[in-house]
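*Asks:* Got a sequence here, can you build the structure:
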Amino acid sequence: MASITSTLLSSSSFSKVNAAIHLPKLPRVNVSMPKIPTTARKLNEGLTFTDSVPLFENNATTITQLHNDVSNPTTSVTTMQLYAILEAVADRVEMHKNIAEQRNNWNTLLLNNINMITLTAATLAGVAAATSGAGVTLLALKLSSTLLFSAATGMSLIMNKIQPSQLAEEQRNATRLFKQLQTQIKTMITLGNPTEEDVKGSMEKVLALDRAYPLPLLGAMLDKFPSKFEPAVWWPSSQFQRKNKTLEENAKSKRKNGWSEELEMELREVVEVVKRKDFEDYERLGNIALKINKSLAIAGPLLTGIAAIGSAFVGNDSLGAIVALMAGSLASAINAFEHGGQVGMVFEMYRFCGGFFQLLEETIEAEVEEKEFERRQEGELLEMKVALLLGRSVSQLREFATKSASCRPDGILVDEFASKLF
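*Replies:* Reported below is the predicted structural model:
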């Protein structure tokens, strides 16, 4: 037994044991990393772009268009100028929108405050008249009523001067027109090849809108009570002035560019009805709204002033209390009708509609009076635009023009308005 043990020990001391762990081979995974775009590589290398690219909904189209513009230096300059005008127009849209909300809040807050002050003053005058005893209490009530009526008179004068409801409507119209101009500039850029005349025309339209709908109140505010109704004008006077083209351009194709004698007659009939029916009707309504607004603007402060004088004689004479109470109540009712009913806003709406019809008239007349068809807008396109502006389909517009032409020999106007929209 001992010999076996010694033999095992001796063999274990001289023999070497080799052990190895065999792991299974892992499959090779091919990981493909995305390639860095050329633009990003250039930016990482420290290169910068001097031109900013506005983000449209279709970024691929914009980037492709920008590369095309950069390849042509002249086109690139005009395009970038249109981008700059577009940014300014977008900023004006936001400004006019915010100021419209602000001035609408002015109308609500001032109306509520003036009416609350007037009714409180009338209540104090009534309590003072019902107080049998004289002395400090009666004097305090009379003085408080007089001061409140005087404050209401001053606030009413300021509110009637600036007409917050009309101011808010002006800014809403400006927001809509600037959005319209923004869409037109985007269309120019999308169609491509803008010219210097496009840039100049866009600049003139922006400045004309700034003049038609000013933002500040002091010095630049529009007259809220003109002597007569005049439509709003928000387009440049040079918009319909056409420059002479070269002989080479005049010698182009003599096709009529979508125009025909029937189309010219149709548009002339539409213009005639717009001038003699639609525009005259809005002019009449605008003058009525102007007269009502003037009368209410005078009556409100006048009545609160009379109430302030009457409240000063409360206690000494019963007539003073009657005058204060009646004048204060009437002043509250008039202010509620004028500013709660937003008569100034209605007047501004009529001014805008009058300007709309005047612009439509000048646009059609400028196109029809142009002798060279190539310098006109495409005839069928203009017909479709006019139909949409008047709230009609093209077929309805043609039927309306035919009806108007049939009534003209008898010396009467057609029995309907040209516009179904306003």
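
*Asks:* buried residues in the one helix or strand P301 maps to?
*Replies:* Taking DSSP states H and E as the definition, one finds P301 inside helix 280-312. Within helix 280-312, the residues that count as buried by 16 or more other C-beta atoms under 10 Å are 281-283, 285-286, 289-290, 292-294, 296-297, 299-308, 310-312. For the C-beta atoms, the positions are set from N, CA and C on the backbone; glycine is no exception.

*Asks:* now for it, which elements pack on it?
*Replies:* The contact analysis (3 or more C-beta pairs under 8 Å, 6 or more residues apart in numbering; DSSP states H and E) places helix 280-312 against helix 73-130, helix 136-162, helix 318-335, helix 343-369.

*Asks:* angle of the second one against helix 280-312?
*Replies:* Helix 136-162 runs at 160 degrees relative to helix 280-312, counting by axes from the mean of the first three to the mean of the last three C-alpha atoms, to 10 degrees.

*Asks:* in helix 136-162, what counts as buried?
*Replies:* In helix 136-162, counting by 16+ other C-beta under 10 Å, buried: 138, 141-142, 144-146, 148-153, 155-156, 159-160, 162.

*Asks:* and what of stretch 196-208?
*Replies:* In stretch 196-208, counting by 16+ other C-beta under 10 Å, buried: D198, V199, G201, S202, M203, K205, V206, A208.

*Asks:* Just the ones in strands from the residues you listed, please.
*Replies:* Within the buried residues of stretch 196-208, no residue falls in strands by DSSP state E.

*Asks:* Which one of these is nearest to T118?
*Replies:* Looking at the buried residues of stretch 196-208 and their distance to T118, the nearest is A208, at 41.5 Å (C-beta to C-beta).

*Asks:* quick one: the closest one and W235 touch, right?
*Replies:* Yes. Assessed by C-beta atoms under 8 Å, A208 is found in contact with W235 at 5.7 Å.

*Asks:* Pipe the buried residues of stretch 196-208 into a markdown table and attach pLDDT and distance to D91 per row.
*Replies:* Output for the buried residues of stretch 196-208, formatted as a markdown table (pLDDT from 0 to 100; distance: C-beta to C-beta, whole Å):
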| residue | pLDDT | distance to D91 |
| --- | --- | --- |
| D198 | 90 | 20 |
| V199 | 92 | 18 |
| G201 | 92 | 20 |
| S202 | 93 | 15 |
| M203 | 95 | 15 |
| K205 | 95 | 15 |
| V206 | 95 | 11 |
| A208 | 95 | 17 |
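
*Asks:* Nearest residue to S202 in space, please, no chain neighbours.
*Replies:* Closest residue to S202 apart from its sequence neighbours, by C-beta to C-beta, 6 or more residues apart in numbering: I85 at 5.0 Å.

*Asks:* what do you get for E348?
*Replies:* E169 (4.2 Å).

*Asks:* by how many degrees do whichever strand or helix holds the one you found and helix 136-162 diverge?
*Replies:* Element membership for E169, per DSSP H and E: helix 164-191. Counting by the same axes, to 10 degrees, helix 164-191 points 30 degrees away from the direction of helix 136-162.

*Asks:* distance between the ends of stretch 367-376?
*Replies:* For stretch 367-376, the first-to-last residue distance is 6 Å (C-alpha to C-alpha, to the nearest Å).

*Asks:* and it, which residues are buried?
*Replies:* The neighbour-count check on stretch 367-376 (16+ other C-beta under 10 Å) flags E367, V368, R376 as buried.

*Asks:* So the first one is in contact with L382, correct?
*Replies:* Yes. Counting by C-beta under 8 Å, E367 touches L382, with 6.2 Å between them.

*Asks:* list residues touching both of those two?
*Replies:* L267, R376 (C-beta atoms under 8 Å, 6 or more residues apart in numbering).

*Asks:* Distance of the residue nearest to E416 when sequence neighbours are not counted relative to V271?
*Replies:* Residue nearest to E416 in three dimensions, not counting chain neighbours: F400, with 7.5 Å by C-beta to C-beta, 6+ apart. F400 sits 12 Å away from V271, going by C-beta to C-beta, to the nearest Å.

*Asks:* What distance do you get for the residue nearest the centre of the chain to E101?
*Replies:* By C-alpha atoms, centre = their mean, the chain has its centre lying nearest to T175, at 1.3 Å. T175 sits at a distance of 10 Å from E101 (criterion: C-beta to C-beta).

*Asks:* again, but for Q396
*Replies:* 37 Å.

*Asks:* shouldn't C407 be in contact with V414?
*Replies:* Yes. Judged on C-beta under 8 Å, C407 makes contact with V414 at a distance of 5.1 Å.

*Asks:* Do I have it right that S393 meets A387?
*Replies:* Yes. Between S393 and A387 a contact is recorded at 6.0 Å, counting by C-beta under 8 Å.

*Asks:* In contact with the closest residue to A129 other than its chain neighbours: list those residues for me.
*Replies:* Excluding the flanking residues, the one nearest A129 by C-beta to C-beta, 6+ apart is A321, at 3.5 Å. By C-beta under 8 Å, 6+ apart, the contact set of A321 is A125, G126, A128, A129, G310, S311, V314, G315.

*Asks:* ok, now with 7 Å
*Replies:* Contact analysis of A321 by C-beta atoms under 7 Å, 6 or more residues apart in numbering lists A125, G126, A129, V314.

*Asks:* Show me where the chain dips below the pLDDT cut-off.
*Replies:* Applying pLDDT under 70 to the chain flags the ranges 1-76, 132-136, 241-255, 317.

*Asks:* hmm, 80 instead?
*Replies:* Scanning the chain for pLDDT under 80 picks out 1-76, 131-137, 238-256, 315-318, 408-413, 422.

*Asks:* Just the element for K228, please.
*Replies:* Here K228 is assigned to no helix or strand, by DSSP H and E.

*Asks:* hmm, back to that, can I get the contacts of A321 in TSV with neighbour count?
*Replies:* Converted to TSV, these look like this (neighbours: other C-beta atoms under 10 Å):
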residue	neighbour count
A125	33
G126	18
A129	21
V314	28
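
*Asks:* Now tabulate those in TSV and tack on distance to L421.
*Replies:* Compiled in TSV, the contacts of A321 are given as follows (distance: C-beta to C-beta, whole Å):
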residue	distance to L421
A125	50
G126	51
A129	55
V314	55
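
*Asks:* Out of those, the closest to I334 would be?
*Replies:* Using C-beta to C-beta, these come closest to I334 at A125, 18.0 Å.

*Asks:* and the gap between that closest one and L138?
*Replies:* Counting by C-beta to C-beta - A125 and L138 are separated by 11 Å.

*Asks:* Looking at S393 and A387, which is more packed in?
*Replies:* A count of neighbours by other C-beta atoms under 10 Å puts A387 above the other of S393 and A387, at 18 against 12.
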